[in-house]
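J.: the following comprises the amino acid sequence and a computationally predicted model.
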Amino acid sequence: MPESTLSVSPAMRRNFIWISLSCGLYWFAFSLTRPIIALYASSLGLQSAAIGMVLAVYALLPMLAAIPGGFIADRFGRTTVLRVGSVMMLLSGLLYGISAGPWTLAIAQLIAGLGQMAVWLAVQVLVTEGPAQGNESRFATFSLYMAIGQMTAPIVSGFLADRFSYKMVFAGYILSSLLLIFTSWRCREDQGAQPSPAEDPAETAAFEAASAYVANPTTGNEKRWFEQCLKLLKNRKFAVILLATFISLFIVDVRTAYLPLHLESLGISNTRVGLLVSIGALSALFVRPIYPRLMAKLGFGKTLFLTFAVSLLLLFAAPFLTNFYAIAALVFVTGLALGINQPMTLSMIAVSTVPEERGLGVGLRLMSNRAAQFMDPLLFGCFTTFASLQTSFVLIGLLLLACCAFALQLYLSAEKDRPLRGPNLNKSREFQQHR
């Protein structure tokens, strides 16, 4: 009886609402600025290489801090990390507002990247705390707030840029950051929270591993983590997971950062550009009912091939389309394939690693995410110095096609050398259904 009461207490319910609001505000602020940074940099007269550097610097610190971020959250507290991150977002918004050249804009990007990573890390941990009862309802509500932020912000961003100016978009980002600071101070963490059986086993392992490292951050411990890292990278199935994550996030970042530049060259308004970005976010909502059926029918290998084939269409087809509705259809279909990556790779981490490796595995996956956001603008900036933007899409597509072929070959060789075991397959499918 007491446990049941705790699970539905008004204080816990209010706290969860504040956490969910923080999540929604984070995604609204992120999605408000990300699609227009390249357009704003172009309006300042920056050349392609400079635009690429400005976009790449956003992911530099988060890429380096992906694993240490979990340690910091465990040592100093999730709410502390959330509040510091929200203040950093506000600071980056002020810098966006006064930026009139590449250096101020790059510094704003650097601070925004680190602050947003801190906020997103903290809210993900906070939402998993609490009793196991009602977990599914909490996660569904949390995802709803996230989806609302992702889908509404790009449209608002495009409208503000068209009707007023890019500075007004940054004003919206500042306002969202102020609201996030307020909600972050209303969030509380459960000091006695322990991971519950219903939580994501990969994420739970990450937090447990991070706590162990923080409790004893010795040189010997660091060496052990480095050895575990090398061991994981020698695991071919895990290497496939990292490659799949990198490729998927690379294409998502192209859709968010560079597709708007292509659309602008076609004379498509910022409002419609924002609508297309929102369509890409909307398509991810349709993945949940599709994903378990695909995995049950096709298995990991064929599903991986299918997601690669469909998602690459964005790079090979988008440069040759000029009709808004055709581009919208392409963004929606490829968004379905891209949306499958997250649950698929997380479920495979749980299957292809032992429990004590999963914390590092999730950390390496996060690093792979940020590495994609870092490499995407650098490669685009490089290619556009000697080729058109449309040709650069195709060149990037060819590079990623080679990466996809290598990932599939690696997976097939791993399957050939080590046949799948029945219990692992069952565990994978159970975990997929849970997600």
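T.: Here it is on my side, so go on. Numbering: from 1, shown residues only.
J.: show me what the helix or strand where residue 291 lies is packed against.
T.: Counting by DSSP states H and E, the element that carries residue 291 is helix 287-311. Secondary-structure packing of helix 287-311 (3 or more Cβ pairs under 8 Å, 6 or more residues apart in numbering; DSSP states H and E): helix 236-253, helix 324-352, helix 389-417, helix 422-434. C-beta coordinates here come from the backbone N, C-alpha and C atoms, glycine included.
J.: now render these as JSON lines, adding distance to residue 57 and mean neighbour count.
T.: Formatted as JSON lines, the entries for those read as follows, by distance: least, Cβ to Cβ, whole Å; neighbours: other Cβ atoms under 10 Å:
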{"stretch": "helix 236-253", "distance to residue 57": "14", "mean neighbour count": "23"}
{"stretch": "helix 324-352", "distance to residue 57": "24", "mean neighbour count": "21"}
{"stretch": "helix 389-417", "distance to residue 57": "19", "mean neighbour count": "16"}
{"stretch": "helix 422-434", "distance to residue 57": "36", "mean neighbour count": "14"}
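J.: can you flag the weakest of those helices by average pLDDT?
T.: Between these, the lowest average pLDDT goes to helix 422-434, which shows a mean of 42.
J.: what lies in contact with the helix holding residue 291?
T.: Surrounding helix 287-311, the residues in contact under the criterion Cβ atoms under 8 Å, 6 or more residues apart in numbering are 240, 244, 247-248, 251, 333-334, 336-341, 343-344, 347-348, 404, 407-408, 411-412, 415, 428-429, 432-433, 435.
J.: of the helices and strands packed on helix 287-311, which approaches residue 380 most closely?
T.: Closest approach to residue 380 among the helices and strands packed on helix 287-311 (Cβ to Cβ): helix 389-417, 5.7 Å.
J.: same for the closest one, what does it pack against?
T.: Where contact means 3+ Cβ pairs under 8 Å, 6+ apart, helix 389-417 is packed against helix 236-253, helix 259-265, helix 287-311, helix 313-317, helix 355-383.
J.: name the nearest residue to residue 251, ignoring sequence neighbours.
T.: Among residues not flanking residue 251 along the chain, residue 311 sits closest, at 5.2 Å (Cβ to Cβ, 6 or more residues apart in numbering).
J.: and residue 377, by the same measure?
T.: Of all residues apart from its sequence neighbours, residue 55 sits closest to residue 377 (Cβ to Cβ, 6+ apart), at 3.5 Å.
J.: ok, now which ones touch that neighbour?
T.: Applying Cβ under 8 Å, 6+ apart, we find residue 55 in contact with 37-38, 41, 109, 257, 376-377, 381.
J.: residue nearest the middle of the chain, spatially speaking?
T.: Central residue of the chain (Cα atoms, centre = their mean): residue 369, 6.6 Å from the mean position.
J.: show me which helix runs longest in this protein.
T.: helix 10-43 (DSSP state H).
J.: hang on, the earlier thing: now do the helix holding residue 291 against helix 236-253, angle only.
T.: What separates the directions of helix 287-311 and helix 236-253 is an angle of 90 degrees, with axes from the mean of the first three to the mean of the last three Cα atoms, to 10 degrees.
J.: state the pLDDT value of the residue lying closest to residue 51 once chain neighbours are set aside.
T.: With sequence-adjacent residues excluded and distances taken as Cβ to Cβ, 6+ apart, residue 51 is closest to residue 41, at 4.6 Å. The predicted local distance difference test score for residue 41 is 90.
J.: when you give positions from now on, start the count at 27
T.: Got it, the first residue is 27 from now on, which makes the last one we talked about residue 67.
J.: thought residue 75 was touching residue 67, still the case?
T.: No. Between residue 67 and residue 75 there is no contact under Cβ atoms under 8 Å: 11.2 Å.
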